[in-house]
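[1] A predicted structure for the sequence below; I have some questions about it.
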Amino acid sequence: MSQIHDRLDWNLLRTFLAIVQEGSISRAAVRLHLTQPAVSLALKRLEERLGENLIARSGSSFTVTTAGELVYKEALAIYGSIARLSLAVQDIPQDLTGVVRLAVVSAVKSDILDSVLSDFHQAHPRVTFEMTSGSSTDVQHALLHFQAALGVSLNHKEVPGLDSTPLLHQTYFLYCGKSHPLFGKTDLQIEALQNENFVSFASEQLDGVLASLAVYRAQQSLNGCSIGTSSSLHEVTRMIRAGLGIGALPEHVVAEEAAAGHLWKLPPYEGIATVTLHLMWNASLKINKAEEAFLACLRKNLTRAGY
């Protein structure tokens with residue numbers, strides 16, 4: 001013979017709860033969006049399965065029997081358990097999915113960004129990334145036109161429509177390549193560079209994101225000819241390494257090339273300018289959950305690092 005719990009139906013108990021709480025079969029029917037006969041039938045089926053009368057009818061009203069009180073109490077406990085079960089299931093962490101769209105200025109070297117990418121992938125392996133690179137202008141354009149959710153860019157002033165937080169401070173030094181006459185010379189003074197031809201970034205303009213480099217050249221009367229320009233860090237480095245002229249490069253990015261003897265650091269030996277890379281996003285763009293989580297992770301790590 002099957003046990004009584006095998007024969008019970010939660011819907012019958014739920015109907016009985018409504019009958020007792022409403023004090024009326026008709027009101028219980030309204031609450032449950034059922035017909036009155038359907039509620040009466042459910043009550044009858046429950047009583048038959050339990051073998052007990054749960055209510056005592058008296059005309060149009062009823063009282064709950066002793067057995068009914070016990071069943072009501074247990075049904076309430078069951079309802080509470082079901083409600084807690086529902087909440088518990090909702091709290092189970094779901095595998096995060098989606099695409100993080102990230103636009104990055106070319107040749108960025110950031111330990112924080114690399115670390116967050118690695119940790120985030122380990123935690124959310126189903127999230128994928130779409131990463132594009134270009135100039136700072138390209139990155140900001142992508143953010144403003146909703147082509148990327150997050151960006152890493154140089155910016156020397158606030159960009160209308162974009163929010164930002166510092167990601168990395170990088171110090172620029174002057175360098176030359178192996179075939180340049182100044183390569184290997186020590187104890188040079190800044191005056192030795194005044195007539196040297198130079199290679200520069202396209203954004204080394206007074207209104208550009210690397211304006212501080214142009215300001216330094218003007219202040220120090222570095223008046224040589226401009227031999228090459230590019231918006232790409234790789235190409236500026238290539239031209240300097242080839243000996244076309246001297247030029248400013250971020251120290252931490254070219255440290256390995258300098259250590260390998262492909263580039264030579266020139267005065268001033270404390271560097272010529274510190275430029276800040278920013279993590280940027282468009283606050284008016286509704287980003288997906290994966291992008292929200294990645295942004296939160298990045299900002300948390302930046303705060304921890306003191307940015």
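    Everything's here; your move.

[2] Kindly provide the distance from R101 to L277.
    Per Cβ to Cβ, to the nearest Å, R101 is found 18 Å from L277. The C-beta positions use only the backbone N, C-alpha and C, and glycine is treated the same way.

[3] Same question for H33.
    Shown here: H33 relative to L277, a distance of 59 Å by Cβ to Cβ.

[4] more neighbours, those two?
    More crowded of H33 and L277, by other Cβ atoms under 10 Å: L277, with 24 against 7.

[5] My guess is that one contacts T165. True?
    No. Using Cβ atoms under 8 Å, L277 makes no contact with T165, being 10.6 Å away.

[6] now the helices for the stretch 1-150 of the chain?
    4-7, 10-22, 25-32, 36-50, 66-90, 111-123, 136-144 (DSSP state H, counting those that start in this stretch).

[7] which of those helices is buried the deepest?
    helix 136-144 (a mean of 22; mean count of other Cβ atoms under 10 Å).

[8] distance between the helix or strand following it and the chain's centre?
    Next along the chain after helix 136-144, taking DSSP states H and E as the criterion, comes strand 150-154. Distance, stretch centre to chain centre, for strand 150-154: 13 Å (Cα atoms, centre = their mean, to the nearest Å).

[9] What of stretch 58-71?
    Here stretch 58-71 is found 58 Å from its chain centre; the criterion is Cα atoms, centre = their mean.

[10] what residues does it touch?
    The contact list for stretch 58-71, computed with Cβ atoms under 8 Å, 6 or more residues apart in numbering, reads L13, F16, V20, L46, L50, E52, N53, L54, I55, A56, Y72.

[11] per-residue confidence for the closest residue in space to the third one that isn't next to it in sequence?
    If the residues on either side of it in the chain are set aside, V20 comes closest to Y72, at 5.2 Å by Cβ to Cβ, 6 or more residues apart in numbering. In this model, Y72 is scored at 90, pLDDT.

[12] quick one: Y72 and L17 touch, right?
    Yes. With contact defined as Cβ under 8 Å, Y72 counts as touching L17 (6.9 Å).

[13] What number of residues are in the vicinity of H145?
    Residue neighbour count, defined by other Cβ under 10 Å, stands at 10 for H145.

[14] And it, how close does it get to N282?
    H145 is 9 Å from N282, by Cβ to Cβ.

[15] next one: S226
    Counting by Cβ to Cβ, the gap from S226 to N282 is 34 Å.

[16] So between these two, which is more surrounded?
    Ranked by neighbour count (other Cβ under 10 Å), S226 and N282 place N282 first, with 22 against 13.

[17] Spit out the contact partners of I190.
    Q220, P267, P268.

[18] Turn those into JSON lines, including secondary structure.
    Output for those, formatted as JSON lines (DSSP: H, G, I helix; E, B strand; the rest coil):
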{"residue": "Q220", "secondary structure": "coil"}
{"residue": "P267", "secondary structure": "coil"}
{"residue": "P268", "secondary structure": "coil"}
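
[19] just the buried members of the residues you listed?
    Q220, P267 (16 or more other Cβ atoms under 10 Å).

[20] can the contacts of I190 go into a markdown table with extra columns for distance to E196 and pLDDT?
    Shown next, in a markdown table, are the contacts of I190 (distance: Cβ to Cβ, whole Å; pLDDT from 0 to 100):
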| residue | distance to E196 | pLDDT |
| --- | --- | --- |
| Q220 | 11 | 94 |
| P267 | 12 | 96 |
| P268 | 14 | 95 |
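
[21] How many neighbouring residues does T276 have?
    For T276, the tally of surrounding residues (other Cβ under 10 Å) stands at 15.

[22] Go ahead and confirm it touches H169.
    Yes. The criterion here is Cβ under 8 Å, and T276 meets it with H169 at 5.3 Å.

[23] for F173, what are its contacts?
    A248, L249, E251, K265, L266, Y269, G271, I272.
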